[in-house]
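*Asks:* coords please:
(one chain, ligands or ions: 1)
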Amino acid sequence: NQTNPAQEVAQLEGELGRYKGVWVFIEQREGHIAPVSLELLGAGRQLADKLGVELAGVLLGYNLSGLEASLYEYGADKVYLVDHPVLCYYRTETYMQVVGKLVQEYLPEIVLMGATTTGRDLAGAVATELATGLTADCTVLDIDQAKRLLLATRPAFGGNIMATIVAKKHRPQMATVRPKVMKMGDPVPGRQGVLVKPEVSLQEENLLTRVLEIVQEYGEQANLQDAEIIVAGGRGLGDKESFHKICGSLAEAIGGKVGGTRAAVEAGWLEQKYQVGQTGVTVAPKLYFALGISGAIQHLVGIRGSDIIIAINSDPEAPIFQECTYGIVGDALKIVPNLIKPLQVL
Ligand code: FAD
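*Replies:* Numbers count the residues shown, from 1 in each chain. Below you'll find the model as predicted:
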């Protein structure tokens, strides 16, 4: 199934060459745009500039008019807005149909989505519908300008290698990127773009799925990804009680949220959604405390966007000390209460 360079060029000029432009699926809930979508507009802008094509946002939902303005400010040249009651809440079935139809009509060469619960579900469904390739959980996106190919890089083999994946024979080239991996660009106030409102025929009675109830999750701990301060604990904290006493009290004292390693999650000390790392969430806080965490590569890939990492570990050889901004060698169970004491006096 190999192609030679001449065949590749012929393919690009032929069928594949009809696909032009970079699209970002804009995830929104009740009119609030997910930060990852704005991060992807920044990344998409760079890809579009390298290819010399347009960057478009694809916005689906209900009662969203006016929301497109901020997408232009974050770099979109165009917004495809499908505003329909049936799209009020995310459903794989409806969103896949609409995004699939838009792609078939307007033929973008690249489609990017956030690797969120919604984005992961939708990207897989759309790629299957369109019989195209999808690279999930990318950490770097670039362009091979000569071949007009998306170079989608992601950790592979347990984070031990970085694999760059290309879709030579299929369009669009699809990729998902985790929140916080790409830095959000600065908006350009007043930047204008073109609004396109494609017609879609969708009827609730023809759908296989119904939304019966929306259950909101509230609470201090929600959205670890957006936290500015995270206090994370690992197996070194000993047991569930010490984990919560140490991480909880420090988090409370400095206004942070609690996260942990996979070892802590597997020990049943905290829920999986608070696991940081390759198979958990990627975070980029201003301050990340790593308490009793060894610094395995699968954990480190999830915290590299942090501005400052402070590690406390009793083993001076622990790999976390190669990665942290400040390191304290010692027993976290003794050091943390001493760190908190002066803060509690304030
Ligand atoms: P350990 O590695 O056991 O480290 C505990 C540390 O605590 C040690 O360094 C020790 O010196 C220190 N310590 C002990 N007592 C004290 C004390 N009193 N005070 C201070 N320090 C102390 N891991 C993740 O975290 N996130 C992931 O998403 C993730 N995904 C994975 C995916 C795959 C495919 C695989 C194979 C593994 C994954 N892992 C992940 C697991 C990862 O490899 C490590 O096993 C895990 O991160 C280790 O967690 P830990 O640092 O809490 O525990």
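*Asks:* distance of Leu237 from Ala253?
*Replies:* Taking C-beta to C-beta, to the nearest Å as the measure, Leu237 falls 16 Å from Ala253. For glycine as for every other residue, the C-beta is placed from the backbone atoms N, C-alpha and C.
*Asks:* contacts only, for whatever residue of the stretch 1-150 of the chain ends up closest to the ligand.
*Replies:* Closest contact between the stretch 1-150 of the chain and the ligand, by C-beta to the nearest ligand atom, is at Asp137 (11.4 Å). With contacts defined as C-beta atoms under 8 Å, 6 or more residues apart in numbering, the neighbours of Asp137 are Ala115, Arg154, Pro155, Thr176, Val177, Arg178.
*Asks:* I'd assumed Val283 was in contact with the last one.
*Replies:* No - Arg178 is not in contact with Val283 according to C-beta atoms under 8 Å; the separation is 9.9 Å.
*Asks:* and the pLDDT for Pro155?
*Replies:* Confidence at Pro155, expressed as pLDDT, is 88.
*Asks:* partner strands of the one helix or strand it maps to, with direction?
*Replies:* Applying DSSP states H and E as the criterion places Pro155 in strand 149-156. When pairing is defined by DSSP bridges, strand 149-156 lines up against strand 140-144 (antiparallel), strand 161-165 (antiparallel).
*Asks:* in it, what counts as buried?
*Replies:* Leu149, Leu150, Leu151, Ala152, Thr153, Arg154, Pro155 (16 or more other C-beta atoms under 10 Å).
*Asks:* distance to the ligand for those residues - can I get that in CSV?
*Replies:* CSV is the format used below for the buried residues of strand 149-156 (distance: C-beta to the nearest ligand atom, whole Å):
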residue, distance to the ligand
Leu149, 28
Leu150, 25
Leu151, 24
Ala152, 20
Thr153, 18
Arg154, 13
Pro155, 9
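*Asks:* closest to Gly193 out of the residues you listed?
*Replies:* Closest to Gly193 out of the buried residues of strand 149-156 is Leu150 (22.4 Å), distances taken as C-beta to C-beta.
*Asks:* pretty sure the closest one sits against Thr132.
*Replies:* No - Leu150 is not in contact with Thr132 according to C-beta under 8 Å; the separation is 11.5 Å.
*Asks:* which residues are in contact with both of the two?
*Replies:* Counting by C-beta under 8 Å, 6+ apart, the residues touching both Leu150 and Thr132 are Ala167, Gln173.
*Asks:* surely Ile214 touches Cys88?
*Replies:* No - applying C-beta under 8 Å, one finds Ile214 not in contact with Cys88, separated by 9.9 Å.
*Asks:* looking at those two, which is more packed in?
*Replies:* For Ile214 versus Cys88, neighbours defined as other C-beta atoms under 10 Å are more numerous around Cys88 (17 against 9).
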